[in-house]
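what's the 3D shape of this:
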Amino acid sequence: MADNVPYSLLIEATNNRMKFLRQILLTAAIIAVVSGAIALFIQPSDSEGVHITLPEPTTVISAQVGVYVTGAVQFPGVYSLSEGDRVQQALQAAGGPTADADLTAMNLASLLNDEDYWHIPAISESAPALTRTNANPLPSADNAKISKINVNSADVELLKTLPGIGKGHGRPSRC
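This is a model prediction of the structure:
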């Protein structure tokens, strides 16, 4: 039985070492968890809250309109102006009126449209001047050779002056 005693002591010593090793590992794990929790709570926060960054405001570029200005102006021609501009701005873009311009014959406060044609009359012009058309000059009784008009903006009297348009065709149709 003496042979069994050292073997049993060896097994008991091994079991004691295993218990001791388990206790050390368990203690180390508890220390690691507690240290990590303390580090998380003690560490200062880098964020000071939620930051919202708004986009920079952009400049809105207004639409351009092309306007043809002729007549009693310093520099007749086609000018690109901003949508919403008035005849006064078109007149200034053309260098302003000449000395013999008749500015009372037109409404300088009229809004410009794309493809407008504005003729600034001279005082010496005998017939009433054409002031505004869309893309093409409007015909008048004195100027019958101009055949194109804008039917969307022409009034009934102007439509009646066209060849083939009489009293029946000049008024608005009813569908």
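
where do the strands sit along this structure?
For the chain, applying DSSP state E gives strands covering 64-71, 77-82, 116-120, 132-134.

Just say which of those strands is most tucked in.
Compared across those, strand 116-120 shows the largest average neighbour count, a mean of 22 (mean count of other CB atoms under 10 Å). (C-beta placed from N, C-alpha, C; glycine too.)

what are the pairing partners of it, and which direction each?
strand 64-71 (parallel), strand 132-134 (antiparallel) (DSSP bridges).

Can you pull the poorly scored residue ranges out of the chain?
Counting by pLDDT under 70, the chain contains low-confidence ranges at 1-5, 43-49, 60-61, 126-148, 151-152, 163-175.

quick one: the closest residue in space to residue 83 that isn't next to it in sequence and residue 36, what's the gap?
Once flanking residues are discounted, residue 83 sits nearest to residue 63: 4.2 Å by CB to CB, 6 or more residues apart in numbering. Distance, residue 63 to residue 36, using CB to CB, to the nearest Å: 63 Å.

ok, now residue 158?
Computed as CB to CB, the residue 158 to residue 36 distance reads 90 Å.

Neighbour count for those two, which is higher?
Neighbour tally, residue 158 and residue 36, criterion other CB atoms under 10 Å: the higher count belongs to residue 158, 18 against 10.

how close does the more buried one get to residue 150?
In this view, residue 158 and residue 150 are 10 Å apart by CB to CB.

Who are the contact partners of residue 79?
With contact set as CB atoms under 8 Å, 6 or more residues apart in numbering, residue 79 has these partners: 66, 67, 68, 69, 90, 93, 94.

hang on, the third one packs against residue 78?
Same thing as residue 68. Yes: in this structure residue 68 lies within contact range of residue 78 using CB atoms under 8 Å: 5.0 Å.

Longest helix of this structure, counting residues only.
Looking across the chain with DSSP state H, the single longest helix is helix 4-42.

Name the residues of that helix that are buried.
Using 16 or more other CB atoms under 10 Å as the burial criterion, none of the residues of helix 4-42 qualify.
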